[in-house]
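>>> all I have is the shape, not the residue letters:
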DNA sequence: GTCAAGAAGATTGTTGACAATATTACAATA
DNA sequence: TATTGTAATATTGTCAACAATCTTCTTGAC
């Protein structure tokens, strides 16, 4: 049977725990394929499995001491999340999105975050959410100036999770969850400097104000801009990384 | 092996062929699970399988003369499309969306169609698309006044397909394709009267103008409004149907 | 040395059987 | 009669083996 993941105690926000984090109303006991998918997804977002790498069913099955059936299904789940691509009779490969594709994913997130935040702004029972948001955004402001961006990113993820759940649109939750998994890597990149994080805090504060005022138009506009800015920051960093890698390989 | 579907010759737009129609760059030879999924999806959109009905793996496997493995995978594919819901150890059930859920799906479609049409309006090589669109929209105007809405709906589907492909965002294509499959039924409902179809033609003509002018803002706004209107029309019809059913059962 | 053809090995796709769990039918009790 | 517990059945989950296909390595010709 499956060895439990070497993660922090339940409740802690473990990196790579995103599938569970964003999935709608997860049953208390995950199925075997889901457990395998969670374990594999950790390795993909953390880079243990490199982009482009081929994942062989038999190898995974042997490691987790299960048969290939559940592994196959786990890989299908990861395909749904966009973490692998499955080619007919050629198996699963860790996705290696081009910059254009990263752009595309952020575009979609921008639109759907806009919808999400508009829905919340226009919802009657948003009152209960506001105190929590205020608290989290305060935490955000604190951690913005830290040299390390880890805590900041965690809080952003938590905020997004809160809002996505609050919107109360199941399908939207599913789609945004899947897109979030695919873009964590890049979100981290985009928030790597204190300046970017300061900018991000301002966006969140604006959003909070719009939500408090029940201003759906503003909420949508700000949410969109926030994602598009984070996209631009991420792409900028990506290009910089790539340029450095290119220079190195040329030397 | 699998008996071929009793559909029209390839190329013809068969009802229920939607999975294939919207899937990105379908390989010429569908896998066995995909074939099964296509066959099952026909039955679901056509109502042969009633909403809420349970689909048993063994029964499907026996009918198509395959083992349960490919059937399982087919059902997972249909879950991805939102046509069934799979509960742990309880199998697959044809989804029976509430009116609230239908609303939610249309909301998402509205946003993403907005993104799609903005992308096209702002794309450099939209020129090639415009003549085709003009032609299809002309066809639309012709068939609007027909007593039967079938041809009109088909043309709308083709238009959406054209635009979705033209946007050139793979992930968007996937998501919109899946949402389209889920809402065909309701789109049909919303376009059931000539008045609604006339209104719809106007939207399309406005959209065409915005695309021609390269006006992304307008394209997005119009696309959104178009979907939201079709949503309202569909919901209205749904409620009417439901009221009639209720009255009947009370009698 | 490069390329093509073919054989050997590796990997995915499918199958049928068994195990674990859920559903149904039925009987006993309040 | 309604309800609860239990046995029988049905159904999903998992496994291991086989078939079909792809990949890689070797061999040979140019």
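Noted; the coordinates are in hand. Just so it is clear, the structure is predicted and the values come from calculations on it, not from any experiment.
>>> from here on, just use CA atoms for contacts and neighbour counts.
Will do.
>>> which residue ranges of the stretch 151-251 of chain A form helices?
For the stretch 151-251 of chain A, helices defined by DSSP state H, counting those that start in this stretch occupy the ranges A:170-190, A:194-213, A:216-250.
>>> poorly predicted segments of the stretch 1-150 of chain A, please.
Across the stretch 1-150 of chain A, the ranges flagged by pLDDT under 70 are A:1-28.
>>> please enumerate the strands of it.
Here the stretch 1-150 of chain A has its strands, by DSSP state E, counting those that start in this stretch, at A:54-55, A:84-87, A:91-94.
>>> for the first one, which strands pair with it and how are they oriented?
Using DSSP bridges, the strands paired with strand A:54-55 in its sheet are strand A:91-94 (antiparallel).
>>> and the strand it pairs with, how far out from the chain's middle?
Remark: strand A:91-94 is offset 20 Å from the chain centroid, using CA atoms, centre = their mean, to the nearest Å.
>>> and for stretch A:208-215?
25 Å.
>>> which residues touch it?
A:117-118, A:120-123, A:126-127, A:130, A:133-134, A:216, A:218-219 (CA atoms under 8 Å, 6 or more residues apart in numbering or on different chains).
>>> and which of these is nearest to residue A:77?
Closest approach to residue A:77 among the contacts of stretch A:208-215 (CA to CA): residue A:117, at 27.5 Å.
>>> so the closest one is in contact with residue A:163, correct?
Yes - between residue A:117 and residue A:163 there is a contact at 7.3 Å, judged by CA atoms under 8 Å.
>>> same drill for the two, tell me which one is more crowded.
Counted by other CA atoms under 10 Å in any protein chain shown, residue A:117 and residue A:163 do not tie: residue A:117 has more neighbours, with 29 against 19.
>>> got the contact list for that one?
Residue A:117 makes contact with A:163, A:167, A:211, A:216, A:219-220, A:223, according to CA under 8 Å, 6+ apart.
>>> so which of these is the most crowded?
residue A:219 leads those on contacts (other CA under 10 Å) with 29 neighbours.
>>> distance of it relative to residue B:99?
25 Å (CA to CA, to the nearest Å).
>>> same deal with residue A:113?
For residue A:113, the distance to residue B:99 - CA to CA - is 22 Å.
>>> what's the answer for residue A:134, then?
Note on residue A:134: its distance to residue B:99, by CA to CA, is 33 Å.
>>> likewise for residue A:136?
With distances taken as CA to CA, residue A:136 is found 34 Å from residue B:99.
>>> comparing these two, which residue is more hemmed in?
Between residue A:136 and residue B:99, counted using other CA under 10 Å, the more crowded position is residue A:136 (17 against 13).
>>> return the distance of the more buried one relative to residue A:167.
To residue A:167, residue A:136 is 17 Å away according to CA to CA.
>>> repeat that for residue A:113.
Counting by CA to CA, the gap from residue A:113 to residue A:167 is 10 Å.
>>> can you check residue A:148 too?
Between residue A:148 and residue A:167 the computed distance is 31 Å (CA to CA).
>>> again, but for residue A:213
Distance from residue A:213 to residue A:167, counting by CA to CA: 16 Å.
>>> near DNA strand C, which residues of chain A? Just list them.
Chain A has residues A:55-58, A:69, A:87-92 near DNA strand C, with proximity defined as CA under 7 Å from any atom of the strand.
>>> buried among the residues you listed? Make that a PyMOL selection.
Command for PyMOL that selects the buried part of these, burial taken from 16 or more other CA atoms under 10 Å in any protein chain shown:
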select buried, chain A and resi 55+56+57+58+92
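>>> okay, the residues of chain A next to DNA strand C in CSV with distance to residue B:195 next?
Formatted as CSV, the residues of chain A next to DNA strand C follow (distance: CA to CA, whole Å):
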residue, distance to residue B:195
A:55, 54
A:56, 56
A:57, 55
A:58, 59
A:69, 53
A:87, 46
A:88, 46
A:89, 50
A:90, 51
A:91, 50
A:92, 49
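>>> run through the residues of chain A next to DNA strand C and flag the ones next to DNA strand D.
Contacts with DNA strand D within the residues of chain A next to DNA strand C, as defined by CA under 7 Å from any atom of the strand: A:69, A:89-90.
>>> which one of those residues sits closest to DNA strand C?
Nearest to DNA strand C among these, counting by CA to the nearest atom of the strand, is residue A:89 at 3.3 Å.
>>> much appreciated, bye for now.
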